[in-house]
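**Q** Below are the sequence and a predicted model for it; my questions follow.
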Amino acid sequence: VLDYTGKTVLVVTSNGIARFAPHCLATFPIWRQHHRPKLATGAIAIFEHDGTSWDCTQWDIKPNCKPAA
């Protein structure tokens, strides 16, 4: 068993899999009322775990990236 306690983990995945991540939220029925389950292309989501449960603090956020000049 891997222990990531106190660590930040970056997960890179496709939207096909990412859309199932919110199902781990205890508050999923409420979350679903305010969000669509699909992430836009290039968008990110942030999940936090408090040692007991998961929370989605950001969903479908487009990073403000500008191309190099």
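**A** Yep, that arrived.
**Q** Need the phi and psi values for the residue nearest the centre of the chain.
**A** Relative to the mean C-alpha position of the chain, the nearest C-alpha, by C-alpha atoms, centre = their mean, is the one of residue 45, at 3.2 Å. Reported as degrees, to the nearest 10, the phi and psi values for residue 45 are phi -140, psi 150.
**Q** go on, residue 65?
**A** In terms of degrees, to the nearest 10, the main-chain angles of residue 65 are phi -110, psi 130.
**Q** residue contacts, it?
**A** Listed by C-beta atoms under 8 Å, 6 or more residues apart in numbering, residue 65 has no contact partners. Using the backbone N, CA and C atoms, a C-beta is placed for each residue, glycine as well.
**Q** Quick check: the gap between it and residue 8.
**A** Applying C-beta to C-beta, to the nearest Å, the value for residue 65 to residue 8 is 20 Å.
**Q** same check, this time on residue 35
**A** Relative to residue 8, residue 35 is positioned 23 Å away (criterion: C-beta to C-beta).
**Q** which one of those two has more residues nearby?
**A** Neighbours of residue 35 and residue 8, each counted by other C-beta atoms under 10 Å, are more numerous for residue 35; the result is 14 against 6.
**Q** Name the helix or strand for the spatially closest residue to the residue nearest to the centre of the chain that is not a sequence neighbour, please.
**A** Setting aside the residues directly before and after it, residue 45 is nearest to residue 59 in space (C-beta to C-beta, 6 or more residues apart in numbering), at 4.9 Å. Using DSSP states H and E, residue 59 maps to strand 54-61.
**Q** Which parts of that strand count as buried, going by neighbours?
**A** Residues of strand 54-61 classed as buried: 54, 56, 59 (neighbour count, 16 or more other C-beta atoms under 10 Å).
**Q** What is the nearest of those residues to residue 30?
**A** Each of the buried residues of strand 54-61 was checked against residue 30 using C-beta to C-beta; the closest is residue 56, at 10.8 Å.
**Q** what sits against the residue nearest to the centre of the chain?
**A** By C-beta under 8 Å, 6+ apart, residue 45 lies in contact with 18, 21, 39, 56, 58-61.
**Q** Thanks again, I'm all set now.
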